[in-house]
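# pasting the structure only:
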């Protein structure tokens, strides 16, 4: 799947767009497989992707929330390839209320990538994260995330840039 998420800048938490107020975050693994009916319900709420597919394909799905608030701010699907020392990101999505010019919080996209880098580091993949970017976002991901091209639309975040993201979001 092609990654198509707006990275609106690096923040050290989520920032409420209207007020500038900063919020601490937490994330968690969705341990229960997301069923097709649950994925359909998410799509009716405005989520773009079928979130039942990553679980069926062996990916872990994590959700990002503001601390002490169960509202999901974004989700990411990833799989660790320990024998090849990288973590693959399949889907990254901001919640419907965090997209576009009227989004509620800034920083969701980069925060989700920081989670992928941290988890990659935690399993021994040295923070390396690989993903396929939409063509029009390749330069954007290079500038904001420090991602590099492998070939075509395939990109990766190396250990150095992973540590920058981890240090920004997980002090």
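Cool, got the structure. Predicted model only: the values in this text are computed from it and were never measured.
# CA only for contacts and neighbour counts going forward, please
OK.
# which stretches of this protein form strands?
Per DSSP state E, the chain carries strands over the ranges 2-3, 14-16, 22-23, 25-29, 60-66, 72-81, 86-94, 105-106, 129-133, 148-151, 154-157.
# what's the third one packed up against?
I take that to be strand 22-23. Taking 3 or more CA pairs under 8 Å, 6 or more residues apart in numbering; DSSP states H and E as the contact definition, the neighbouring helices and strands of strand 22-23 are strand 14-16.
# follow-up on the earlier one: in JSON lines, list the strands of the chain along with mean pLDDT and distance to residue 39.
Shown next, in JSON lines, are the strands of the chain (pLDDT from 0 to 100; distance: least, CA to CA, whole Å):
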{"stretch": "strand 2-3", "mean pLDDT": "70", "distance to residue 39": "18"}
{"stretch": "strand 14-16", "mean pLDDT": "93", "distance to residue 39": "25"}
{"stretch": "strand 22-23", "mean pLDDT": "94", "distance to residue 39": "27"}
{"stretch": "strand 25-29", "mean pLDDT": "96", "distance to residue 39": "16"}
{"stretch": "strand 60-66", "mean pLDDT": "97", "distance to residue 39": "12"}
{"stretch": "strand 72-81", "mean pLDDT": "97", "distance to residue 39": "12"}
{"stretch": "strand 86-94", "mean pLDDT": "96", "distance to residue 39": "13"}
{"stretch": "strand 105-106", "mean pLDDT": "94", "distance to residue 39": "23"}
{"stretch": "strand 129-133", "mean pLDDT": "95", "distance to residue 39": "22"}
{"stretch": "strand 148-151", "mean pLDDT": "93", "distance to residue 39": "31"}
{"stretch": "strand 154-157", "mean pLDDT": "96", "distance to residue 39": "27"}
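# spatially central residue in this structure, please.
Centroid-nearest residue in the chain: residue 112, 2.8 Å away (criterion: CA atoms, centre = their mean).
# who does the spatially closest residue to that one that is not a sequence neighbour bridge with?
Taking CA to CA, 6 or more residues apart in numbering as the measure, residue 112 lies nearest to residue 76, with 6.4 Å between them; neighbours along the chain are not counted. Listed by DSSP bridges, the beta-bridge partners for residue 76 are residue 62, residue 92.
# what is the neighbour count of residue 76?
Using other CA atoms under 10 Å, residue 76 has 24 neighbouring residues.
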